[in-house]
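In: need coordinates for the below:
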Amino acid sequence: MRMRHIRLIAATGTAVAALALTACDNGTGTEDEGAARPKATVAAATADVSKSPESTTPAKEATGGGTADASPVARTDAPSAKPAAPTARKGQSAGRSVVLCNGTNTSVTAQLLNRPLNHMLLTVKNTGGKTCDLPYYPVLRFDEMQWVPQADEGTQPQSVVSLAPGESGYAGVLLSAADGSGSGGMTAHKLTVGFQGMSPNSDGGPSATPTLPAKGVYYDSTLKVTYWQKDLGAISNW
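Out: I've put the predicted structure just below:
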């Protein structure tokens, strides 16, 4: 009798459990049965987001942990365009190798002038077989002087002076102030004429030593030169 009673209780418990599960299917069950619902809820939420207005904007691709806009963006760090090639220097033919006028391919003379007063004329003649260039202005040195006379910027020509074989170029030299305002005056007996290269103050090659008058040449602190000229008339009244 006791065994039958236990089986009856067990059967009754099974029936009760079945009734409880049936009640849960009607929406009145326990929280345990609904434990699977969050997955459905997450899936539904994901579906809703994919249908939201924001999902119509272009997607961004993840790149290295960040985001990159799918639309093209102009780069501000892109290299600039290749600079244009430099043009040929004025007075210099494109494609022609430059030959500089200097003491090896020219003859240089120094002549004292009566007018303008206290002036001297330098003449450079191309004695070589090729056209040579005379950039900038002569670099003068009387005897052992330790300073370089400056050039009158107002005499700078429009282009580099080029001398064909046999042609001459010119430069004027102001030796001293006519009103005596200069200082440190002295008489020199030797003159060295230096030549510049195609960049300012660069070495243009061997210098020249034109002959000075036997009595020498007087100069002072106002000593100044002109740029080389192709036309003597350009400095005739300097």
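
In: what's near enough to touch the nearest residue to residue 105 once chain neighbours are set aside?
Out: Once flanking residues are discounted, residue 105 sits nearest to residue 128: 3.3 Å by CB to CB, 6 or more residues apart in numbering. Heads up, the C-betas are built off the backbone N, CA and C, glycines and all. Contacts for residue 128 (CB atoms under 8 Å, 6 or more residues apart in numbering) come out as 99, 104, 105, 106, 165.

In: cool, residue 216 as well?
Out: 187, 188, 189.

In: buried subset of these, written for PyMOL?
Out: This is how PyMOL selects the buried members of the contacts of residue 216, with burial counted by 16 or more other CB atoms under 10 Å:
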select buried, resi 188
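
In: just send the contacts of residue 216 back as CSV, with distance to residue 112, secondary structure and pLDDT too.
Out: Shown next, in CSV, are the contacts of residue 216 (distance: CB to CB, whole Å; DSSP: H, G, I helix; E, B strand; the rest coil; pLDDT from 0 to 100):
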residue, distance to residue 112, secondary structure, pLDDT
187, 12, strand, 97
188, 12, strand, 97
189, 13, coil, 97
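
In: residue 201: which of the contacts of residue 216 is nearest?
Out: Distance to residue 201, by CB to CB, is smallest for residue 188 among the contacts of residue 216, at 22.5 Å.

In: all helices for the protein, in order.
Out: Here the chain has its helices, by DSSP state H, at 2-23, 37-50.

In: and the strands in this structure?
Out: With DSSP state E, the ranges of strands along the chain come out as 61-63, 66-68, 106-113, 119-126, 132-134, 139-142, 150-151, 161-163, 168-174, 186-188, 191-194, 217-219, 224-225.

In: let's have those in TSV, adding distance to residue 201.
Out: As requested, the strands of the chain are exported to TSV (distance: least, CB to CB, whole Å):
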stretch	distance to residue 201
strand 61-63	54
strand 66-68	54
strand 106-113	20
strand 119-126	19
strand 132-134	15
strand 139-142	8
strand 150-151	11
strand 161-163	17
strand 168-174	16
strand 186-188	23
strand 191-194	10
strand 217-219	21
strand 224-225	14
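
In: quick check: which of the ones you listed is nearest to residue 233?
Out: Across the strands of the chain, closest to residue 233 is strand 168-174 (CB to CB), at 9.5 Å.

In: quick check: mean pLDDT of that closest one?
Out: Mean pLDDT, computed over strand 168-174, is 98.

In: other SSEs contacting that strand?
Out: strand 119-126, strand 224-225 (3 or more CB pairs under 8 Å, 6 or more residues apart in numbering; DSSP states H and E).

In: would TSV of these with mean neighbour count and distance to residue 200 be doable?
Out: Listed next are these as TSV, based on neighbours: other CB atoms under 10 Å; distance: least, CB to CB, whole Å:
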stretch	mean neighbour count	distance to residue 200
strand 119-126	20	19
strand 224-225	21	14
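
In: if we can go back for a sec, and the contacts of residue 128, which are buried?
Out: Buried by 16+ other CB under 10 Å: 99, 105, 106, out of the contacts of residue 128.
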